[in-house]
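Student: Based on what follows, work out the 3D shape:
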Amino acid sequence: MNPANRKAVPATAAELRAAAVVLALALLLPLALDGYQLFQLTQVLAYAIALLGLNLLSGYNGQVSLGHGAFCAIGAYAAAILMTRFGLPYWLAVPAAGVVSLLAGLLFGLPALRLGGLHLALATFGLGLALPQLLKYKGLEAWTGGVQGIVLSKPEAPFGLPLDQDLWLYYFTLSATLPMFWVARNLIRGRIGRALVALRDAPIAAVAMGVDSARYRLFAFGVSALYAGVAGALAAVAVQFVAPDSYTIFFSIALLVGIVIGGLGSISGALYGALFIQFVPNIADELSSAAPWAIYGVFLLACAYLLPQGVAGALRRLAIRNARKG
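Tutor: Okay, here's the model as predicted:
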């Protein structure tokens, strides 16, 4: 039987228990947090979605993107324009922004099919550099707000739910995060995931076995952009503001750092990477307000040497070691 036609691997009992614990914490822990802490956790969830998309592209399919923040920007601006100019409610603007980013990813991915390795990285780097400048362009200022950006209003909880705005936004973002992680898990453990990994590890052999390289590479790019667009839209609603300077090339590099630290080729690594992106820069700033980037660099070096396979890889090795001892 062809491995590509096998059904997705079902979740193990240990995975189900771990997922139940994480879900319980995600639902109950926010009830004890203040507004700013809730905002931080909401940002973590948005980052996790973006990193999950980037991991599908780079971690599982091997296509390196240095400009993934551009698709987050497209999603954020799409949601902001739909909400402010067309009166679309935020809960519809978020999936619509994902569709817009999906189309943008497919349009960019088509010519990028001819590229690979460093050439693809260079092309995406150029996209990450150019898009913030395009958003400031005078001809688009009526739509994008130019350098001033677009201000959004924070939504209230619907149906008279006794939740303040910050807590509702957190739960709304969580309700988008959970199904996107579930979809990504099923994609990776099914035929599509095996094809993506085969093209990453042995592209010549995969093509010889009948895997359509162009179709799967374009699929990975489009889905990755969709995830980034949803993440950008969710973050825009939480921050209540979008501006070009929020999506510079440094943001794209931070996303790449996040998937490496969290763990390449790992679903859970997206969450660990999101925690790193959200909290480590703040910790570095608290440790040394004079040279926060030096502290941040030390964190990166420590992770590179101590966690070569990322946090997810380290936890996986620890679990295997404990299982052998047991």
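Student: what's the distance between Ile259 and Leu45?
Tutor: 16 Å (Cβ to Cβ, to the nearest Å). No exception for glycine: its C-beta is placed from N, CA and C like everyone else's.
Student: same deal with Gln165?
Tutor: For Gln165 relative to Leu45 (Cβ to Cβ), the value is 16 Å.
Student: more crowded one of the two?
Tutor: Leu45 (27 against 16; other Cβ atoms under 10 Å).
Student: Break down this protein into its helices, ranges please.
Tutor: With DSSP state H as the criterion, the chain has helices at 13-28, 35-54, 69-85, 90-112, 118-135, 141-144, 165-189, 191-201, 203-208, 213-239, 249-262, 269-287, 292-306, 310-325.
Student: Just want the angle from the last one to helix 249-262.
Tutor: Right, helix 310-325. Angle, helix 310-325 to helix 249-262, by axes from the mean of the first three to the mean of the last three Cα atoms, to 10 degrees: 0 degrees.
Student: got it, and the second one?
Tutor: Direction vectors for helix 35-54 and helix 249-262, defined by the same axes, to 10 degrees, enclose an angle of 80 degrees.
Student: how big is the angle separating helix 35-54 from helix 69-85?
Tutor: 120 degrees.
Student: how about stretch 153-170 as CSV, C-alpha atoms only?
Tutor: The C-alpha trace of stretch 153-170 is given here as CSV (Å, rounded to 0.1, in the frame of the first residue of the first chain):
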residue,chain,number,x,y,z
SER,A,153,-12.7,50.1,18.0
LYS,A,154,-12.6,47.3,20.6
PRO,A,155,-15.6,45.0,20.3
GLU,A,156,-17.9,44.3,23.1
ALA,A,157,-18.9,40.7,24.2
PRO,A,158,-22.0,39.6,22.2
PHE,A,159,-25.4,38.3,23.5
GLY,A,160,-25.0,40.2,26.8
LEU,A,161,-22.2,37.9,28.0
PRO,A,162,-20.7,39.0,31.4
LEU,A,163,-17.2,39.4,29.9
ASP,A,164,-15.2,42.6,29.7
GLN,A,165,-13.6,43.5,26.3
ASP,A,166,-10.2,42.1,27.0
LEU,A,167,-11.5,38.8,28.3
TRP,A,168,-13.9,38.4,25.3
LEU,A,169,-11.2,39.2,22.8
TYR,A,170,-9.0,36.5,24.4
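Student: Determine how far it lies from the middle of the whole chain.
Tutor: 24 Å (Cα atoms, centre = their mean, to the nearest Å).
Student: Name the nearest residue to Val197, sequence neighbours excluded.
Tutor: Counting by Cβ to Cβ, 6 or more residues apart in numbering, Tyr60 is the residue found nearest to Val197 once chain neighbours are left out, at 5.7 Å.
Student: I'd like to know which of the helices of the chain is closest to Pro155.
Tutor: helix 90-112 (5.2 Å; Cβ to Cβ).
Student: quick one: buried residues of the closest one?
Tutor: 90, 93-94, 96-98, 100-106, 108-109, 112 (16 or more other Cβ atoms under 10 Å).
Student: swap in stretch 226-242?
Tutor: 226-239, 241-242.
Student: ok, of those, which one's closest to Leu66?
Tutor: Ala228 (13.3 Å).
Student: residues contacting Val257?
Tutor: Going by Cβ atoms under 8 Å, 6 or more residues apart in numbering, Val257 touches 273, 276-277, 300.
Student: try 10 Å
Tutor: Residues in contact with Val257 (Cβ atoms under 10 Å, 6 or more residues apart in numbering) are 51, 273, 276-277, 280, 296, 299-300, 303.
Student: Let's have those residues in CSV, adding distance to Arg191 and neighbour count.
Tutor: Shown next, in CSV, are the contacts of Val257 (distance: Cβ to Cβ, whole Å; neighbours: other Cβ atoms under 10 Å):
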residue, distance to Arg191, neighbour count
Leu51, 24, 31
Gly273, 26, 33
Phe276, 32, 25
Ile277, 32, 22
Val280, 37, 18
Tyr296, 40, 18
Phe299, 38, 17
Leu300, 36, 15
Cys303, 33, 19
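Student: sorry, back to before: comparing the helices of the chain, which comes out most buried?
Tutor: Mean neighbours per residue, mean count of other Cβ atoms under 10 Å, is largest over the helices of the chain for helix 69-85, with a mean of 27.
Student: Now that helix - C-alpha only, PDB.
Tutor: Extracted in PDB, the C-alpha atoms of helix 69-85 (Å, rounded to 0.1, in the frame of the first residue of the first chain):
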ATOM      1  CA  GLY A  69       5.200  39.400   8.300                       C
ATOM      2  CA  ALA A  70       4.000  40.900   5.000                       C
ATOM      3  CA  PHE A  71       1.100  38.400   4.900                       C
ATOM      4  CA  CYS A  72       0.300  39.300   8.500                       C
ATOM      5  CA  ALA A  73       0.200  42.900   7.400                       C
ATOM      6  CA  ILE A  74      -2.100  42.100   4.500                       C
ATOM      7  CA  GLY A  75      -4.500  40.300   6.800                       C
ATOM      8  CA  ALA A  76      -4.400  43.100   9.400                       C
ATOM      9  CA  TYR A  77      -5.100  45.800   6.800                       C
ATOM     10  CA  ALA A  78      -7.700  43.700   5.000                       C
ATOM     11  CA  ALA A  79      -9.600  43.300   8.300                       C
ATOM     12  CA  ALA A  80      -9.200  47.000   9.200                       C
ATOM     13  CA  ILE A  81     -10.400  48.200   5.800                       C
ATOM     14  CA  LEU A  82     -13.400  45.800   5.800                       C
ATOM     15  CA  MET A  83     -14.400  47.000   9.300                       C
ATOM     16  CA  THR A  84     -13.900  50.700   8.900                       C
ATOM     17  CA  ARG A  85     -14.800  51.300   5.300                       C
END
